[in-house]
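K.L.:
Quick one, what's the 3D model for this:
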Amino acid sequence: MTSEPVFVLPGDEIDASLVPSHPKKPLRLGPGLRHVPPNDILPTLAGQLVTDRQKNAIRVETSGGRYVPRVGELVIGTVNKSAAEVYYVFLSDYTAPVLLPQLSFESATRKTRPMLAPGALVYARVSLANKHMDAEIECVSATTGKSEGLGPLNGGMLFDISLGMSRRLMMPETARDGKVVVLDEFAKLGFQFETATGRNGKFWVDSENVKTVIAVGRAICETDEKRLDVEDQKKLVKRLIKDLS
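P.N.:
Model prediction:
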């Protein structure tokens with residue numbers, strides 16, 4: 001059974017049961033939280049309280065604002081330029097680029113590494129996030145050496161969505177946990193498409209049918225912007241399908 005999301009406002013008291021308490025790991029406070037000695041934790045932002053009990057971490061998730069890279073998160077980046085050993089990649093507007101080593105691809109060597117032009121899209125994982133160093137991303141698993149679905153995103157269209165929507169789309173069960181059903185509704189009706197979601201507020205869609213790409217992208221963006229519930233999402237998909245015919 002999925003627990004209901006908990007939303008907080010600046011200065012709210014956080015129930016102790018919501019704070020993870022790993023016996024061996026120190027508690028990690030993420031963005032939007034401040035420790036007030038001796039034992040109080042207070043929100044400094046309005047948003048959803050998100051806990052990761054495995055990592056013994058807690059943070060406030062806002063729908064808007066600027067994306068802050070965190071190790072392990074999946075992102076969609078836009079290549080800005082290349083240097084001798086790295087690509088400079090933008091994860092969001094008006095922020096410094098992150099680094100993508102040119103050998104951070106499956107089976108990449110100096111001769112076989114992909115040649116990415118400015119504007120190319122990549123699906124990657126954040127591998128280094130430190131306020132004292134440039135953030136880095138990778139398109140290969142450090143443990144298996146395989147791409148595991150990461151790498152260049154060819155074709156398709158990229159849509160900007162809120163950070164909150166990207167989090168919902170990346171939940172294990174998007175329809176059940178994230179309350180986003182538009183993708184399932186299109187799939188049930190036989191539409192074929194491929195998607196990728198970046199934690200940095202990016203949503204990519206590809207299909208052999210350009211109209212399908214636009215319809216799926218519009219459905220996600222409209223669900224996000226208008227905060228549509230499940231029933232309204234189903235009505236939206238029906239309306240968009242009529243526009244396709």
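K.L.:
any idea how far residue 7 is from residue 55?
P.N.:
Going from residue 7 to residue 55 by CB to CB, to the nearest Å gives 21 Å. C-beta coordinates here come from the backbone N, C-alpha and C atoms, glycine included.
K.L.:
ok, and the closest non-adjacent residue to the residue nearest the centre of the chain?
P.N.:
Taking CA atoms, centre = their mean, the centroid of the chain lies closest to residue 199, which sits 1.3 Å from it. In space, and not counting its chain neighbours, residue 199 is closest to residue 73: 4.2 Å by CB to CB, 6 or more residues apart in numbering.
K.L.:
so who does the one you found touch?
P.N.:
125-126, 199-200 (CB atoms under 8 Å, 6 or more residues apart in numbering).
K.L.:
if you look at those, which of them are in strands?
P.N.:
Using DSSP state E, the subset of the contacts of residue 73 located in strands is 125-126.
K.L.:
ok, the residue sitting furthest away from the middle of the chain - contacts?
P.N.:
Note on the chain: the largest separation between a C-alpha and the mean C-alpha position, by CA atoms, centre = their mean, falls on residue 38 (34.2 Å). For residue 38, the contact set (CB under 8 Å, 6+ apart) is empty.
K.L.:
for residue 225, helix, strand, or coil?
P.N.:
helix (DSSP: H, G, I helix; E, B strand; the rest coil).
K.L.:
if we can go back for a sec, is it true that the residue farthest from the centre of the chain lies in a strand?
P.N.:
No. Secondary structure of residue 38 (three-state DSSP): coil, not part of a strand.
K.L.:
since we're on residue 84, how many residues are nearby?
P.N.:
Counted with other CB atoms under 10 Å, residues neighbouring residue 84 total 5.
K.L.:
Return the per-residue confidence for it.
P.N.:
On pLDDT, residue 84 comes in at 83.
K.L.:
and it, that's in a strand?
P.N.:
No. Read with three-state DSSP, residue 84 is coil and lies in no strand.
K.L.:
Pop out the phi and psi values for it.
P.N.:
With angles defined as degrees, to the nearest 10, residue 84 sits at phi -60, psi -40.
K.L.:
mind checking how far it is from residue 45?
P.N.:
40 Å.
K.L.:
Do a quick rundown of the helices in this structure.
P.N.:
Using DSSP state H, the helices found in the chain span residues 163-169, 174-177, 182-188, 210-226, 230-244.
K.L.:
Can I get those helices in TSV including distance to residue 60?
P.N.:
What follows is the helices of the chain, written out as TSV (distance: least, CB to CB, whole Å):
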stretch	distance to residue 60
helix 163-169	11
helix 174-177	19
helix 182-188	27
helix 210-226	19
helix 230-244	25
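K.L.:
The ones you listed: which one's closest to residue 154?
P.N.:
helix 210-226 (13.2 Å; CB to CB).
K.L.:
what mean pLDDT does that closest one have?
P.N.:
In this model, helix 210-226 has a mean pLDDT of 95.
K.L.:
returning to what we had before: with distance to residue 26 and mean neighbour count as added columns, please give the helices of the chain in JSON lines.
P.N.:
As requested, the helices of the chain are exported to JSON lines (distance: least, CB to CB, whole Å; neighbours: other CB atoms under 10 Å):
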{"stretch": "helix 163-169", "distance to residue 26": "24", "mean neighbour count": "21"}
{"stretch": "helix 174-177", "distance to residue 26": "28", "mean neighbour count": "14"}
{"stretch": "helix 182-188", "distance to residue 26": "38", "mean neighbour count": "17"}
{"stretch": "helix 210-226", "distance to residue 26": "35", "mean neighbour count": "19"}
{"stretch": "helix 230-244", "distance to residue 26": "39", "mean neighbour count": "14"}
